[in-house]
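Trainee: sequence first, then the predicted structure, then my questions.
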Amino acid sequence: GSICHVVCRHATIEGLHVLVFNDITKRKLAETALEERGRIEAMVSDISTRFINLSFDKLGPEIDRALQQIGQQIGFDRCYVFELDANGLTMSNTHEWCAKGIESQLSRLQEVPWDDFSWYLQELSEKGFFYCPSVASLGPEAQVEREEWLREGIKSLITVPMLLKGEMVGFIGLDSVQRERSCPEEILFLLRIVGECFANALEHRRVDHKLHSAHQRLQDIINFLPDATFVVDKGGTVMAWNRAMEKLTGVSKEQMLGQGNYAYSEALYGERRPTLIDLVQNPDFGQNMDSREGDENAHALFDEQYLPRLYGGKGAYVSAKASPLCDRKGTFSGAIESIRDISDRKEVEEKLQASNRELEAFVYTVSHDLRTPLTPIIGYADFLSETYRDQLDEQAISCLAEISSCLLYTSPSPRDRTRPRMPSSA
């Protein structure tokens, strides 16, 4: 009842017509299999090429497209991807293609416990693929898997792992729902290439998403810092410009991000030139700047100045601190500068200095006025001590010296601390 491929040869021998039939079924099957392998190799090559340098926003649609190619090329009805969830305990159906009329299973196969299919996943891990030509014929060791697959209407099943550094992070599955199907092992090994391609692409997207999330968190932290803060990369391109900087300079984040060539300097000083943040990378510029050594400030630069352009031309005194940013290897990757408005502090300092000057003048006046009536007393004490020293006992001389000394230093002003001279007794 099977179909055979034959070659018929005709010959005439002594007037007789002879037909010779040769069975070439095996050869035809081999040719067909070779052609099929060639088509699948071309498909795998096409998929692999498309996934090189694929942008992450196109990854999802490309995986769906590749699943459709695989399903249609191999002749299966459903093709899908399962990924191991972040908790490491469950897996979820993340991508799926279904032939026309085939029911989707994607929505119900989310966060499936990994251990529920331990036999199946162990087979997949040990063999490097899983091929079941007849789900109905599975033995009692695969009872859980058999019941689930029959519930989904699966008659034949192929699975290849998605490996990342030797660890399985998911798998690609193909279901035949309409009839049982066979698949040569060499085809399974070709599909493993697609599995590795998917695994690498998904891992790159995961890492990129993680980096993007970390970058966004850093941007949020910088954005809500109370001090005006901006960040540049090692090329001087602005990577962050927080709300306080927007308020200080009147330049929005959208206008500044991605700008280079000292654009931040123009916002602060009105001209494009190296500023404090550039001195961190080029210390030769900052020989006269104040660099404070310390644990966290060992490589930081500080400066205080008045900037007339700030706050729409109102101007402000500011204190700035710039520090380098380095990667894990200590390689310079950029710099950060924080600017604090110290106008209120400067105003208080100036008022305090003025008050000190007024107080010093007042003290001098009071001291001088107090000193005037005391001068004769000091003079007469010195006169008695010098003129009548021979007639005075030691206690009297000591008392006169103490009177003179105490009265002489009642004034804090050094210029009043000169001994007055009295006329000679002669």
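Mentor: Cool, got the structure.
Trainee: mind listing the strands for the protein?
Mentor: 6-13, 16-23, 78-84, 90-98, 112-113, 130-132, 156-164, 167-176, 228-233, 238-241, 301-307, 316-326, 332-341 (DSSP state E).
Trainee: in the stretch 251-400 of the chain, which spans are helices?
Mentor: 253-256, 263-269, 276-281, 310-313, 343-387, 394-408 (DSSP state H, counting those that start in this stretch).
Trainee: now swap in the stretch 51-200 of the chain and tell me
Mentor: So, for the stretch 51-200 of the chain - with DSSP H, counting those that start in this stretch - the helices run 59-74, 118-127, 143-151, 185-223.
Trainee: most packed of these?
Mentor: Ranked by mean neighbour count, these are led by helix 59-74 with a mean of 18 (mean count of other C-beta atoms under 10 Å). The way it works is simple: take the backbone N, C-alpha and C, and place the C-beta from them, glycine included.
Trainee: which stretches of the stretch 251-400 of the chain have low pLDDT?
Mentor: Counting by pLDDT under 70, the stretch 251-400 of the chain shows low-confidence ranges at 282-298, 366-375, 380.
Trainee: show me the contacts for residue 27.
Mentor: Residue 27 makes contact with residue 5, according to C-beta atoms under 8 Å, 6 or more residues apart in numbering.
Trainee: picking that back up, now render the strands of the chain as TSV, adding distance to residue 71.
Mentor: Below are the strands of the chain laid out as TSV (distance: least, C-beta to C-beta, whole Å):
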stretch	distance to residue 71
strand 6-13	34
strand 16-23	34
strand 78-84	4
strand 90-98	5
strand 112-113	21
strand 130-132	16
strand 156-164	11
strand 167-176	6
strand 228-233	45
strand 238-241	44
strand 301-307	62
strand 316-326	48
strand 332-341	45
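Trainee: turn those into CSV, columns for mean neighbour count and distance to residue 150.
Mentor: Output for the strands of the chain, formatted as CSV (neighbours: other C-beta atoms under 10 Å; distance: least, C-beta to C-beta, whole Å):
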stretch, mean neighbour count, distance to residue 150
strand 6-13, 9, 40
strand 16-23, 9, 39
strand 78-84, 22, 14
strand 90-98, 19, 18
strand 112-113, 13, 16
strand 130-132, 21, 12
strand 156-164, 22, 11
strand 167-176, 22, 12
strand 228-233, 22, 58
strand 238-241, 22, 56
strand 301-307, 16, 72
strand 316-326, 18, 58
strand 332-341, 20, 57
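Trainee: residue 394 is nearest to which of those?
Mentor: Closest to residue 394 of the strands of the chain, according to C-beta to C-beta: strand 301-307, at 60.8 Å.
Trainee: what helices or strands is the closest one leaning on?
Mentor: Packing partners of strand 301-307 (3 or more C-beta pairs under 8 Å, 6 or more residues apart in numbering; DSSP states H and E): helix 276-281, strand 316-326.
Trainee: now those in TSV, with distance to residue 104?
Mentor: Listed next are those as TSV, based on distance: least, C-beta to C-beta, whole Å:
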stretch	distance to residue 104
helix 276-281	55
strand 316-326	48
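Trainee: can you put the helices of the stretch 251-400 of the chain in TSV and add mean neighbour count?
Mentor: Shown next, in TSV, are the helices of the stretch 251-400 of the chain (neighbours: other C-beta atoms under 10 Å):
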stretch	mean neighbour count
helix 253-256	15
helix 263-269	20
helix 276-281	21
helix 310-313	13
helix 343-387	13
helix 394-408	14
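Trainee: columns mean pLDDT on top of the helices of the stretch 51-200 of the chain, output as a markdown table?
Mentor: Output for the helices of the stretch 51-200 of the chain, formatted as a markdown table (pLDDT from 0 to 100):
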| stretch | mean pLDDT |
| --- | --- |
| helix 59-74 | 91 |
| helix 118-127 | 90 |
| helix 143-151 | 93 |
| helix 185-223 | 85 |
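Trainee: now for the nearest residue to residue 401 once chain neighbours are set aside: which residues touch it?
Mentor: Leaving out its chain neighbours, the residue that sits closest to residue 401 by C-beta to C-beta, 6 or more residues apart in numbering is residue 385, at 6.5 Å. For residue 385, the contacting residues are 392, 397, 400-401, 404, by C-beta under 8 Å, 6+ apart.
Trainee: what do you get if the cut-off is 10 Å, keeping everything else the same?
Mentor: Residue 385 makes contacts with 392, 396-401, 403-404, as judged by C-beta atoms under 10 Å, 6 or more residues apart in numbering.
Trainee: what of residue 337?
Mentor: 227-232, 245, 264, 268, 275-278, 280, 300-301, 303, 320-323.
Trainee: rerun at 6 Å
Mentor: Taking C-beta atoms under 6 Å, 6 or more residues apart in numbering, we find residue 337 in contact with 230, 277, 322.
Trainee: measure it to residue 303 for me?
Mentor: For residue 337, the distance to residue 303 equals 10 Å [C-beta to C-beta, to the nearest Å].
Trainee: next one: residue 148
Mentor: Taken as C-beta to C-beta, the span from residue 148 to residue 303 is 69 Å.
Trainee: tell me the spacing between the nearest residue to residue 237 once chain neighbours are set aside and residue 230.
Mentor: The shortest distance from residue 237 to any non-neighbouring residue, by C-beta to C-beta, 6+ apart, is to residue 260 (4.4 Å). In this view, residue 260 and residue 230 are 13 Å apart by C-beta to C-beta.
Trainee: if we can go back for a sec, do you know which of the helices of the stretch 51-200 of the chain lies nearest residue 333?
Mentor: Here helix 185-223 is closest among the helices of the stretch 51-200 of the chain (C-beta to C-beta), at 12.9 Å.
Trainee: so which elements touch the closest one?
Mentor: Helix 185-223 is packed against helix 25-50, strand 156-164, with contacts defined by 3 or more C-beta pairs under 6 Å, 6 or more residues apart in numbering; DSSP states H and E.
Trainee: mean pLDDT added to those, as CSV?
Mentor: Output for the helices and strands packed on helix 185-223, formatted as CSV (pLDDT from 0 to 100):
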stretch, mean pLDDT
helix 25-50, 76
strand 156-164, 92
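Trainee: beta partners for the closest residue to residue 200 other than its chain neighbours?
Mentor: Counting by C-beta to C-beta, 6+ apart, the nearest residue to residue 200 once its immediate chain neighbours are dropped is residue 164, at 7.0 Å. Counting by DSSP bridges, residue 164 forms beta bridges with residue 167.
Trainee: list the contacts of the nearest residue to residue 95 once chain neighbours are set aside.
Mentor: Distances taken as C-beta to C-beta, 6+ apart place residue 81 nearest to residue 95, at 4.2 Å, with adjacent residues excluded. Applying C-beta under 6 Å, 6+ apart, we find residue 81 in contact with 94-95, 172.
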